[in-house]
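1. Any chance you could fold what I've pasted below:
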Amino acid sequence: MPLPTILTWLRIALVPFFVGVYYFPDYLISMPLKNMLATVIFLFAAITDYFDGYLARRMNLETRFGAFLDPVADKALVAASLVVLVNLGRTFVFAAIIIIVREIAISALREWMAQIGEIKSTAVAYIGKIKTTFQMTAISLLLLDWHSNILGNLCMLVAVILTVVSMFYYLEQAKKHITEERNS
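-> Numbering: from 1, shown residues only. Next up is the predicted model:
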C-alpha cells in the first residue's frame, strides 16, 4: 500500500481516538488536558492531509482509490470535530449543520460528476482551500477552549460563509451537466 494511502487511513483511524478523548472521566484526565490531547490529535490528522497529497504527487503515487478516500477522511475528521464542539457547547449548531450538509452535498456532486466523466469540473478550487484553512483554524482554536472562544467562533463564521460560497461555486461549475441531465 502506498505511503499516501497509509496516511489517509491513519487519519480515518484517528477519528475515534480524537472523539474518545472526551469520554475519559474528568478524574482521570482533566478537561484542559482533554482539550490539549484532542487538539494535538486533530492537528496531527490535519497535517497528514497535507502530506498524503503532497507525497502522492511528489512520488507519483496518485491513485483513484486515494483520490476517493482522501475526502472521506477529511469529512470524517471535520464532522466528528464539529459534533464534539457542538456537544461541548463551544460552537454554533447551525455552523456544524451547514458545514456537514455542504460537505455531504459536494461529495455527492463530485461522485456524480466522476460517474459522468466530468470530475475535473468540480476539482478542488482555491476557495475550497481557503474554506478548509478557516475550518481547521476554527476547530483547533475551539478545541483548545481558551477562556474566550471569540476568535475561534469568528473563524467558524468565516468558514461557514466560505462553505456556502464554495458550495455555490461548485454547483455553478456543474450547472451545465445538471441541466443536460435534467433535459435528457
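
2. now the helix or strand containing I99: mean pLDDT?
-> Applying DSSP states H and E as the criterion places I99 in helix 93-115. Mean pLDDT, helix 93-115: 91.

3. for the following helix or strand past that helix, packing partners?
-> Remark: after helix 93-115, the chain's next helix or strand is helix 126-144, criterion DSSP H and E. Secondary-structure packing of helix 126-144 (3 or more Cβ pairs under 8 Å, 6 or more residues apart in numbering; DSSP states H and E): helix 31-58, helix 64-87, helix 150-183. Heads up, the C-betas are built off the backbone N, CA and C, glycines and all.

4. mind giving me TSV with those and columns for mean pLDDT?
-> Shown next, in TSV, are those (pLDDT from 0 to 100):
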stretch	mean pLDDT
helix 31-58	93
helix 64-87	93
helix 150-183	89
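
5. Pipe the ones you listed into CSV and attach mean neighbour count and distance to P4 per row.
-> Formatted as CSV, these follow (neighbours: other Cβ atoms under 10 Å; distance: least, Cβ to Cβ, whole Å):
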stretch, mean neighbour count, distance to P4
helix 31-58, 17, 4
helix 64-87, 18, 6
helix 150-183, 16, 24
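
6. which stretch among the ones you listed comes nearest F94?
-> Set against F94 and scored by Cβ to Cβ, the helices and strands packed on helix 126-144 come closest in helix 150-183, at 7.8 Å.

7. Run through who's touching the helix holding I99.
-> Outside helix 93-115, the residues that touch it by Cβ atoms under 8 Å, 6 or more residues apart in numbering are 71-72, 75, 78-79, 82-83, 85-86, 119, 121-122, 135, 156-157, 159-160, 163-164, 166-167, 170-171, 174, 177.
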